[in-house]
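*Asks:* got a predicted structure plus its sequence, pasted below:
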Amino acid sequence: MKFFIDTANVEEIKQAYEMGILSGVTTNPSIIAKEGKEFKAVMKQISGIVGDEVFLFGEVISLNAPEMIKEARELVKLHKKFIVKIPMCVEGLKAVRALKKEGITCCMTLCFSVPQALLAANAGAAYVAPFVGRVDDIGWEGTRLVADIAEIFAVQNIKTELVVASTRNPVHIIEIARAGADIATVPSKVLFGLINHPLTKSGLEQFLKDWESVPKN
Ligand code: G3P
């Protein structure tokens, strides 16, 4: 399972990139709004940090297929590995199908059920994004949804990748990895916290303390 960061904050993206674990950056209109900057300027700044090796996801805001397609054609100019996020709706499905024919790669976002994921795959989405935390929020089990989609995609030999969004804690990360998610897109605070373990900290302190007693020269 690959790690993406779910933010448009350039400092956090830089930090994740320099950690050596970053395969992608995901944004959505809410994430962009938090930065208080013009959309294209932020995307170009992110693109400059991560270079060609990292995917950059950005979302259309139109609600009809022809406008979504127009937006998508502009968005892909912003970064070499740009993936266009299209919201789950009938117009979105139409746009995904048309964009695939043009060679533009799409992620169908706001997925909350197995049937929605199957529709996205049939339209030709290369990625589908189930929102694990928001499913938990309404009293269902987000990780169960991810496991169901992963299992059914495997049975059906569907190649659409699962980029799991709305991850909120390390247990989400463990459970979606177990379920077979291809990608976890993780908010900065959760992503940077994944490395922490009290035994790693105390173990390193002990190693360095013991090293002091090793005769030098
Ligand atoms: O990528 C979607 C994500 O940003 C939503 O997260 O925590 O608002 O459900 P959350």
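*Replies:* Nice, thanks for sending it over.

*Asks:* at the geometric centre of the protein, which residue sits there?
*Replies:* residue 185 (3.2 Å; Cα atoms, centre = their mean).

*Asks:* quick check, that residue in contact with residue 1.
*Replies:* No. At 10.8 Å, residue 185 does not count as touching residue 1 under the criterion of Cβ atoms under 8 Å. For the C-beta atoms, the positions are set from N, CA and C on the backbone; glycine is no exception.

*Asks:* can you report phi and psi for the spatially closest residue to residue 170 that is not a sequence neighbour?
*Replies:* Excluding the flanking residues, the one nearest residue 170 by Cβ to Cβ, 6 or more residues apart in numbering is residue 194, at 6.1 Å. For residue 194, the backbone dihedrals are phi -60, psi -20 (criterion: degrees, to the nearest 10).

*Asks:* contacting residues around residue 194?
*Replies:* Going by Cβ atoms under 8 Å, 6 or more residues apart in numbering, residue 194 touches 170, 173, 186.

*Asks:* now it: how far from residue 168?
*Replies:* Per Cβ to Cβ, to the nearest Å, residue 194 is found 13 Å from residue 168.

*Asks:* and residue 90, how many neighbours?
*Replies:* 11 (other Cβ atoms under 10 Å).

*Asks:* ok, it to the ligand distance?
*Replies:* 22 Å (Cβ to the nearest ligand atom, to the nearest Å).

*Asks:* okay, that residue: pLDDT?
*Replies:* At residue 90, the model reports a pLDDT of 98.

*Asks:* cool, and residue 63?
*Replies:* 95.

*Asks:* now do residue 217
*Replies:* Taking residue 217 on its own, its pLDDT is 83.

*Asks:* do the same with residue 208
*Replies:* With respect to pLDDT, residue 208 has a value of 98.

*Asks:* that one - how many residues pack around it?
*Replies:* 9.

*Asks:* and if you look at residue 123?
*Replies:* 23.

*Asks:* so how far is residue 206 from it?
*Replies:* Taking Cβ to Cβ, one finds residue 123 at 55 Å from residue 206.

*Asks:* in stretch 58-66, what counts as buried?
*Replies:* Judged by neighbour count using 16 or more other Cβ atoms under 10 Å, the buried positions of stretch 58-66 are 58-60, 62, 65.

*Asks:* pull the CA atoms of that stretch into CSV?
*Replies:* Extracted C-alpha coordinates of stretch 58-66, given in CSV (Å, rounded to 0.1, in the frame of the first residue of the first chain):
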residue,chain,number,x,y,z
GLY,A,58,-7.0,17.8,-8.1
GLU,A,59,-10.8,18.0,-8.3
VAL,A,60,-13.2,19.5,-10.8
ILE,A,61,-16.0,21.7,-9.5
SER,A,62,-18.4,21.6,-12.4
LEU,A,63,-21.5,19.5,-12.1
ASN,A,64,-22.1,18.7,-15.7
ALA,A,65,-20.0,16.4,-18.0
PRO,A,66,-19.1,18.9,-20.7
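
*Asks:* is that stretch up against the ligand anywhere?
*Replies:* No. Shown here: stretch 58-66 not in contact with the ligand (Cβ under 6 Å from any ligand atom), separated by at least 9.4 Å.

*Asks:* off-centre distance for that stretch?
*Replies:* Distance, stretch centre to chain centre, for stretch 58-66: 19 Å (Cα atoms, centre = their mean, to the nearest Å).
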